[in-house]
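Enquirer: sequence below, structure please.
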Amino acid sequence: MFGYFVRRVLWIAPVLLTVTFITFILMHRAPGGPWDQEKPVPAATQAALNAKFGLDKPLWFNANALSLAWSNGERNPFALSRTFLDTQFFNYVIGAAQGDLGPTYQSKGTEDVQSVLLRKFPTTAKVGIVAIAFAVIVGIPLGIISALRQNSPLDYASLFVATAGISIPNFIVGVLLIIFLSSFFGIPAIRRPEDWEGFGAAYLLPGLVLGLGTMAFIMRLTRSSMLEIKRQDYVRTARAKGLADRMVVGRHMLRNALIPVITILGPAIANLVTGSFIIENVFNVPGMGREFVTSISSRDYSMIMGTTLFYALLVAFANLTVDLSYGVLDPRIRARD
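Expert: This is a model prediction of the structure:
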């Protein structure tokens with residue numbers, strides 16, 4: 001198991017490098033630049049800003065600097081390699097590997113990406129925690145009850161809720177709830193900045209809306225898994241031995257039925273914790289999602305890259321946690337590992 005864990009951790013590095021490569025291509029292919037404003041920035045100012053943030057360097061390889069260094073008598077292969085890779089992409093990769101995600105362009109270099117993420121992520125994580133708790137606490141029991149009482153009115157009602165939760169986009173549900181609650185109960189649609197301090201009631205509504213789709217998906221997956229497990233021979237044997245229904249469901253059915261649920265729960269948790277960009281904008285949540293949307297519109301390259309890498313790292317570790325949890329739920333998987 002330890003060797004498997006080490007191999008999976010080592011695979012995270014090429015995954016992050018691939019994410020960095022794709023993100024770099026996409027953001028530089030998008031039209032516009034970080035200094036585009038309604039009022040044109042003077043060419044001298046743009047040149048100074050490009051030099052300050054390293055945007056005056058080539059994107060991929062610096063062949064001109066390599067030729068100049070060679071003509072000046074430089075023969076050290078490490079120095080030549082560093083000169084050849086003195087570009088926007090490789091400078092960012094080297095900085096990210098050292099834990100430096102660079103300064104934000106919106107702040108003109110007065111604040112780095114790490115500090116912005118550390119300041120914004122707790123707010124996003126709190127919304128995600130509410131969403132995760134809602135999805136798991138409601139989705140799994142509903143799926144179990146629906147499977148055990150198949151074709152009952154409760155089963156049909158649960159399926160209706162799950163279908164609606166999957167079919168209706170969560171931002172539409174959010175807008176409708178804002179209109180309904182503000183019109184009939186006087187709950188403010190836009191929270192004040194101080195409402196997001198601590199862990200108060202402001203997080204409840206965006207968390208529930210964010211977790212609605214995941215709850216519906218977990219409920220349907222749990223139901224289908226339980227329906228498949230309840231027809232297995234070992235479940236019939238357990239009932240024939242006279243075990244109580246609680247023991248059959250909890251010890252024999254639920255552990256095996258939760259394996260596909262755990263499979264999707266890891267990435268879902270990472271997705272919910274990092275926040276929904278749309279939900280944060282709908283509910284005016286001052287979190288990482290809104291910061292990411294703002295960075296895209298302003299072409300803040302370092303913020304785009306930093307947020308994407310942070311999200312990819314969370315997803316990678318969430319998948320690793322899921323794979324390790326298989327052995328806890330099913331010893332046969334642990335034995336094969």
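
Enquirer: now the element after whichever strand or helix holds L176, going C-ward?
Expert: Assigned by DSSP states H and E, L176 belongs to helix 170-184. Downstream of helix 170-184, the next assigned helix or strand under DSSP H and E is helix 204-229.

Enquirer: that next one packs against which elements?
Expert: If contacts are counted by 3 or more C-beta pairs under 8 Å, 6 or more residues apart in numbering; DSSP states H and E, helix 204-229 sits against helix 113-148, helix 153-167, helix 170-184, helix 254-274, helix 277-282. Using the backbone N, CA and C atoms, a C-beta is placed for each residue, glycine as well.

Enquirer: just want the angle from the helix holding L176 to helix 204-229.
Expert: Going by axes from the mean of the first three to the mean of the last three C-alpha atoms, to 10 degrees, helix 170-184 is angled at 130 degrees with respect to helix 204-229.

Enquirer: buried residues in helix 170-184?
Expert: 170-171, 173-174, 177-178 (16 or more other C-beta atoms under 10 Å).

Enquirer: worst mean pLDDT among the helices and strands packed on helix 204-229?
Expert: Lowest mean pLDDT of the helices and strands packed on helix 204-229: helix 254-274, a mean of 73.

Enquirer: related to what we said a few turns ago, closest to A13 out of the helices and strands packed on helix 204-229?
Expert: Among those, the nearest to A13 by C-beta to C-beta is helix 254-274 (17.9 Å).

Enquirer: which strands and helices sit next to the helix holding L176?
Expert: If you count contacts as 3+ C-beta pairs under 8 Å, 6+ apart, helix 170-184 packs onto helix 204-229, helix 277-282.

Enquirer: and the longest one, what's buried?
Expert: In other words, helix 204-229. 205-223, 225-226, 229.

Enquirer: turn the helices and strands packed on helix 204-229 into CSV, columns for distance to K52.
Expert: Output for these, formatted as CSV (distance: least, C-beta to C-beta, whole Å):
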stretch, distance to K52
helix 113-148, 15
helix 153-167, 47
helix 170-184, 38
helix 254-274, 30
helix 277-282, 29
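
Enquirer: nearest to A63, of those?
Expert: helix 113-148 (29.2 Å).

Enquirer: wait, what's in contact with the nearest residue to T321 once chain neighbours are set aside?
Expert: Distances taken as C-beta to C-beta, 6 or more residues apart in numbering place G266 nearest to T321, at 5.7 Å, with adjacent residues excluded. G266 makes contacts with 318-319, 321-322, as judged by C-beta atoms under 8 Å, 6 or more residues apart in numbering.

Enquirer: and the closest residue to D56 other than its chain neighbours, helix, strand or coil?
Expert: The shortest distance from D56 to any non-neighbouring residue, by C-beta to C-beta, 6+ apart, is to N50 (4.4 Å). At N50 the chain is in helix, as set by DSSP: H, G, I helix; E, B strand; the rest coil.

Enquirer: report pLDDT for N50.
Expert: At N50, pLDDT is 78.
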